[in-house]
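S.K.: Give me a 3D structure for the following:
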Amino acid sequence: MPRLVMKFGGTSVANVDRIRNVAAHVAREVAAGYEVAVVVSAMSGKTNELVAWVKDCNALFDEAEYDAVVASGEQVTSGLLAIALQKNGIKARSWQGWQIPIETSEAHGSARIEAIDPKNLDAGFARGEVAVIAGFQGIHSETGRLATLGRGGSDTSAVAIAAAIGAERCDIYTDVDGVYTTDPRIVPKATRMERVTFEEMLEMASLGAKVLQVRSVELAMVHRVPTTVRSSFDPPDAARPGTLICDEDDIVEQQIITGIAFSKDEAQITLRSVKDSPGIAAAIFGPLADANINVDMIIQTVSGDQSTTDMTFTVPAADYQRSRAILDAQREIISYGQIEGATDVVKVSAIGVGMRSHAGVAAKAFRALAEKGINIRAITTSEIKFSVLIDAAYTELAVRTLHSLYGLDQA
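M.R.: Got it, this is the predicted structure:
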């Protein structure tokens, strides 16, 4: 029998009525002849509540005990869904990450999946059971302690399990009916895409689209797991197909630009009058890397006499103050004149595999933004995307401009 993984997020299992609705979606796929594994998140808001309890007990908490507490939310949901399925006459049992087992690294709170042994799940399928799996968690094999995968980790759990059991596809159910060309709250004409490539979805997820967690898309791409984004709020007997994330070869007609993403989680730092000599870039970015601070856009402008340079780059807004403190501590080594920064900036990106075979795609955008009076602070490009850093006040105007420019209003 073909196998299918279905993942349901927090809003989809927010209460018992929603869990009954999820059970109906699962029953539909069982009736269609699939062996089904269901991965569930904690009920909406429950993880935040558990985290608050931990911090209330001790702000300097032990990370392993933190994981023991926050992993309990998914345990409750998986048990309730198994009970709901059993009431509908479907054989089901709940599984915690350690019972499968899902083996992870020891980085509590942000662990990575290292291995999944599917034999226990295989045995359950042989018994005719639906496997209801607590997402977001696994076990470190050496210590035997629970470890969680970080925010959005249930998406990662689902894709990894789909790869491990050889599933035909992985369906991610959420509160939206697919992946849109941009945020419909900003551009009402945004349209749902029927298909998008793994590479495009990875860029969208990393550049601000909140539909899927980045690591889940990476896993899907590496293991070539077709993944569908669907809505759990559709009636179970009339569910829409959603958006399929797949190989580029599976898409017949490809837009030059597929979607427009934006990220408000950006901060800009500029170092003025930096000595232009070998090793300076390493002195700037090495300590930031050691502190696990991700640097994105980098622009270097050399002075006329080539003795000094200005260095501009971006970091996540949450790491802005920490980045400045690190650079202040390195001032004598880096030998810069002054440091400037801004947190009222936004990164807007255009993504599309069609950029590989079309010239002038980014230049067209720069002209359109200039005509709207939008100043570009920084630019980065790759094979299938370009990003611009602009003042936050122009976010909606920039997104709407680019969405229309590339014909996505009529997509």
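
S.K.: what stretches of this structure score poorly on pLDDT?
M.R.: 252-253, 304-305, 411 (pLDDT under 70).

S.K.: rerun at 80
M.R.: 207-210, 252-255, 302-307, 410-411 (pLDDT under 80).

S.K.: mind checking which helix or strand residue 283 is in?
M.R.: Per DSSP states H and E: residue 283 is located in helix 280-290.

S.K.: counting contacts, what elements does that helix pack onto?
M.R.: Contact partners of helix 280-290 among helices and strands, from 3 or more C-beta pairs under 8 Å, 6 or more residues apart in numbering; DSSP states H and E: strand 259-275, strand 308-315, helix 320-329, helix 331-334. The C-beta positions use only the backbone N, C-alpha and C, and glycine is treated the same way.

S.K.: Using PDB, write out the CA atom coordinates for the third one.
M.R.: Provided in PDB are the C-alpha atoms of helix 320-329 (Å, rounded to 0.1, in the frame of the first residue of the first chain):
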ATOM      1  CA  TYR A 320      21.400  43.700  16.400                       C
ATOM      2  CA  GLN A 321      22.500  44.800  19.900                       C
ATOM      3  CA  ARG A 322      24.600  41.800  20.400                       C
ATOM      4  CA  SER A 323      26.400  42.400  17.000                       C
ATOM      5  CA  ARG A 324      27.200  45.900  17.900                       C
ATOM      6  CA  ALA A 325      28.600  44.900  21.300                       C
ATOM      7  CA  ILE A 326      30.800  42.300  19.600                       C
ATOM      8  CA  LEU A 327      32.100  44.900  17.100                       C
ATOM      9  CA  ASP A 328      32.700  47.500  19.800                       C
ATOM     10  CA  ALA A 329      34.900  44.900  21.500                       C
END
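
S.K.: tilt between it and strand 259-275?
M.R.: Helix 320-329 runs at 20 degrees relative to strand 259-275, counting by axes from the mean of the first three to the mean of the last three C-alpha atoms, to 10 degrees.

S.K.: still on that earlier bit, residues of the helix holding residue 283 that come out buried?
M.R.: Judged by neighbour count using 16 or more other C-beta atoms under 10 Å, the buried positions of helix 280-290 are 280, 283-284, 287-288.

S.K.: for stretch 380-398, same thing?
M.R.: Applying a neighbour-count criterion of 16+ other C-beta under 10 Å, one finds 380, 384-390, 394-395, 397-398 buried in stretch 380-398.

S.K.: between those, which is closest to residue 72?
M.R.: Sorting the buried residues of stretch 380-398 by distance to residue 72 puts residue 395 at the head of the list, at 37.9 Å, by C-beta to C-beta.

S.K.: Might you calculate how far the helix holding residue 283 sits from the centre of the chain?
M.R.: For helix 280-290, the gap between its own C-alpha mean and the chain's C-alpha mean amounts to 26 Å (C-alpha atoms, centre = their mean, to the nearest Å).

S.K.: Need the contact partners of it.
M.R.: Contacts of helix 280-290 with the rest of the structure, by C-beta atoms under 8 Å, 6 or more residues apart in numbering, involve 271, 274, 295, 300, 309, 311, 313, 315, 323, 326-327, 329-330, 333-335.

S.K.: now stretch 354-366: how far from the chain's centre is it?
M.R.: 25 Å.

S.K.: follow-up on the earlier one: narrow the contacts of helix 280-290 to just the buried residues.
M.R.: 271, 274, 295, 309, 311, 313, 315, 323, 326-327, 330, 334.

S.K.: Dump the helices and strands packed on helix 280-290 to TSV, plus distance to residue 343.
M.R.: Written out in TSV, the entries for the helices and strands packed on helix 280-290 read as follows (distance: least, C-beta to C-beta, whole Å):
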stretch	distance to residue 343
strand 259-275	5
strand 308-315	10
helix 320-329	6
helix 331-334	21
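
S.K.: Which among these is found nearest to residue 25?
M.R.: strand 259-275 (26.5 Å).

S.K.: any chance of the buried residues of stretch 380-398 in a markdown table, plus secondary structure?
M.R.: As requested, those are arranged in a markdown table below (DSSP: H, G, I helix; E, B strand; the rest coil):
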| residue | secondary structure |
| --- | --- |
| 380 | strand |
| 384 | coil |
| 385 | strand |
| 386 | strand |
| 387 | strand |
| 388 | strand |
| 389 | strand |
| 390 | strand |
| 394 | helix |
| 395 | helix |
| 397 | helix |
| 398 | helix |
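
S.K.: Tell me the one of those residues nearest residue 196?
M.R.: For residue 196, the nearest member of the buried residues of stretch 380-398 is residue 384. The distance, counting by C-beta to C-beta, is 11.5 Å.

S.K.: quick one, domains of this structure?
M.R.: Domains of the chain are assigned by the TED database as 3-249, 254-410.

S.K.: just these: most buried one?
M.R.: domain 3-249 (a mean of 20; mean count of other C-beta atoms under 10 Å).

S.K.: Which secondary structure state does residue 65 sit in?
M.R.: Taking three-state DSSP, the label given to residue 65 is helix.

S.K.: OK, contacts around it?
M.R.: By C-beta under 8 Å, 6+ apart, the contact list for residue 65 reads residue 54.

S.K.: pretty sure residue 114 contacts residue 106?
M.R.: No - at 10.0 Å, residue 114 does not count as touching residue 106 under the criterion of C-beta atoms under 8 Å.

S.K.: Quote the end-to-end distance of stretch 91-110.
M.R.: Between the opening and closing residues of stretch 91-110 we find a distance of 33 Å, counting by C-alpha to C-alpha, to the nearest Å.

S.K.: same question, stretch 389-397
M.R.: From the first residue to the last, stretch 389-397 extends over 13 Å; the measure is C-alpha to C-alpha.

S.K.: show me where this structure has helices.
M.R.: Applying DSSP state H to the chain gives helices spanning 16-31, 46-57, 63-70, 72-87, 119-126, 153-165, 198-206, 214-223, 280-290, 320-329, 331-334, 361-371, 395-405.

S.K.: For those helices, could you give me TSV that also reports distance to residue 345?
M.R.: Putting these into TSV (distance: least, C-beta to C-beta, whole Å) gives the following:
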stretch	distance to residue 345
helix 16-31	38
helix 46-57	27
helix 63-70	32
helix 72-87	35
helix 119-126	46
helix 153-165	28
helix 198-206	17
helix 214-223	21
helix 280-290	18
helix 320-329	10
helix 331-334	22
helix 361-371	14
helix 395-405	10
